[in-house]
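Q: Output the structure for:
(chains A and B)
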Amino acid sequence: MRLSQSLIPTLKETPSDAQIASHRLMLRAGMIRQMASGIYAWLPTGLRVLSKIAQIVREEQDAAGAQEMLMPTIQSADLWRESGRYDAYGKEMLRITDRHERELLYGPTNEEMITALVRDSIKSYRDLPQLPYHIQWKFRDEVRPRFGVLRGREFLMKDAYSFDVDYAGALVAYKKMMLAYMRTFQRIGITAIPMRADTGQIGGDLSHEFHVLAPTGESGVFYDAAFETGDALVETDIEKFYEQMTTIYAATDEKHDTALWDKIPDERRREGRGIEVGQIFYFGKKYSESMGFAVTGADGSKFFPEMGSYGIGVSRLVGAIVEARHDDAGIIWPDAVAPFKAAILNLRQGDATTDAICETLHDQLGADGLYDDRDERAGAKFAEADLMGHPWQIIVGPRGAAKGQVELKRRATGERLELSVQDALAKVLG
RNA sequence: CGGAGCGUAGCGCAGUCUGGUAGCGCACCAGUCUGGGGGACUGGGGGUCGUGGGUUCGAAUCCCGCCGCUCCGACCA
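A: Numbering: from 1, shown residues only, chains lettered A, B, ... in the order given. Below you'll find the model as predicted:
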């Protein structure tokens, strides 16, 4: 893509309402624009990141055996009256009335809808377990939206729901999801830690929150160093994995247990800040019972399936990654979710040699390359590439170009290499 | 939901106290020079001063209502 023809409205100055790094940088890098309080438009680069994250989430959900579907954003109030949550949910729910005075709502979550859908088609224990999910926009009318996409009112969430014949089955689903989540965050390129959590609004008695470590996180977190290194993920046997995840110490300040903490050796203790990017719940028969979802068992009698729900804040993850990975100059994208793998910086636009090299690079990189072909000075191009955070910058200046060489800069480390065009391409694409 | 602010050009702001025909920097357009860390100069374009009402000869400025947005706290993927 050519920068000169892109809708990437970067800003030199910080909009006054952006308080934290991710909000500031996402605005400055031209990824998002606020359209109303807590409601954002995703511009081309922002959408690229959002889509890449969603795709990783999708692949890991599929790998865990979940099935993708898509439920609507607008739901009927009647559905929520069945579970009793229409009145219980309170003002966070955006309620809408249509032209026929029918009561609707913009879904803040989908337990009711998925339970109704599965209830209408699954009648026998033989058809369980079921593990559907979707990636859809949600709306929660937060009292106080802030921090850009970290606490928006409208947000993109992956939510999966498990239906099992018994507790043992539900626990299997829970463990599978925990593994899928850890793999997802690892692939994205961030450290996230599962922590025991309250079940809140959803209800139930087993729940973990996943926190991305970032200095600006909203919660204080305490954890064992094992989570830092990724050692905790080496285990591939799901039972052993789950045991590790639930026995190695990790807790938010709300659930911090000083007695257990004191037993951890000093050198393994880590304190930091975390941003919650996911939560998983087991809540038993709460919805199957209240919504009358019973199936026939092997003995011919009816029973209520055991359920759980599993959320990942996809849009929030974008902000969380920026919080975790930025410096004074801008964003430092992990390779897996960067909007572009590399920026091509033509330091002498209009020079036949640099232009030709840049055109070659642009052709070869395809959708992974962003070609800064503007007639700007070198400094402006450097600053903007650093701001946007491309993992690689391919710097094409007249000096090197004469020798057929370009300079390859790694954003994360600042490391620079003088390479031939082909070697630079191989490194970026390899 | 309690408390506190802010709305003036795309962005950042001054002007409001003390009423007199709206300004600065960046960005944008044209041109010249420049050319490896947001360069310089010259010339331009862009505003119902959030909105409705009131006071006044005259309102960005004073008064009242409304809307929007932000910050602190309590709550949350």
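
Q: A:Tyr223 and RNA strand B, how far apart?
A: In this view, A:Tyr223 and RNA strand B are 17 Å apart by Cβ to the nearest atom of the strand, to the nearest Å. In short, each C-beta sits where N, CA and C put it, glycine included.

Q: Mind naming the longest helix for chain A?
A: Assignment by DSSP state H gives helix A:167-188 as the longest helix of chain A.

Q: Tell me which residues are up against stretch A:286-295.
A: A:82-84, A:111-112, A:115-116, A:118-119, A:122-125, A:127-128, A:163, A:203-204, A:302-307 (Cβ atoms under 8 Å, 6 or more residues apart in numbering).

Q: In chain A, where is pLDDT below threshold?
A: Within chain A, the stretches with pLDDT under 70 are A:199-205, A:230-235.

Q: Would you indicate which residues of whichever helix or strand comes after the longest helix of chain A are buried?
A: Past helix A:167-188, further along toward the C-terminus, the next helix or strand under DSSP states H and E is strand A:192-196. For strand A:192-196, the neighbour count (16 or more other Cβ atoms under 10 Å) marks A:Ala192, A:Ile193, A:Pro194, A:Met195 as buried.

Q: before we move on, the earlier item: mind listing which of the contacts of stretch A:286-295 are in strands?
A: Residues of the contacts of stretch A:286-295 located in strands (DSSP state E): A:Phe163, A:Lys302, A:Phe303, A:Glu306, A:Met307.

Q: just to revisit the earlier point, now render the buried residues of strand A:192-196 as CSV, adding distance to RNA strand B.
A: Formatted as CSV, the buried residues of strand A:192-196 follow (distance: Cβ to the nearest atom of the strand, whole Å):
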residue, distance to RNA strand B
A:Ala192, 11
A:Ile193, 13
A:Pro194, 12
A:Met195, 11
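
Q: Pipe the ones in strands among the contacts of stretch A:286-295 into CSV and attach distance to A:Glu415 and neighbour count per row.
A: Below are these laid out as CSV (distance: Cβ to Cβ, whole Å; neighbours: other Cβ atoms under 10 Å):
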residue, distance to A:Glu415, neighbour count
A:Phe163, 50, 27
A:Lys302, 64, 10
A:Phe303, 60, 15
A:Glu306, 52, 24
A:Met307, 49, 27
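
Q: and RNA strand B, which of these reach it?
A: Among the ones in strands among the contacts of stretch A:286-295, none lies close to RNA strand B by the criterion of Cβ under 7 Å from any atom of the strand.

Q: from those residues, which is closest to A:Ala356?
A: A:Phe163 (59.7 Å; Cβ to Cβ).

Q: In contact with that closest one, which residues?
A: A:Phe163 touches A:Val118, A:Ile122, A:Leu128, A:Pro129, A:Gln130, A:Leu131, A:Ser288, A:Pro305, A:Glu306, A:Met307, counting by Cβ under 8 Å, 6+ apart.

Q: Those residues: which two are farthest apart?
A: Going by Cβ to Cβ, the pair spanning the contacts of A:Phe163 furthest: A:Leu131 and A:Ser288, at 14.7 Å.

Q: okay, now A:Gly400: neighbour count?
A: A:Gly400 has 20 neighbours, counted by other Cβ atoms under 10 Å.
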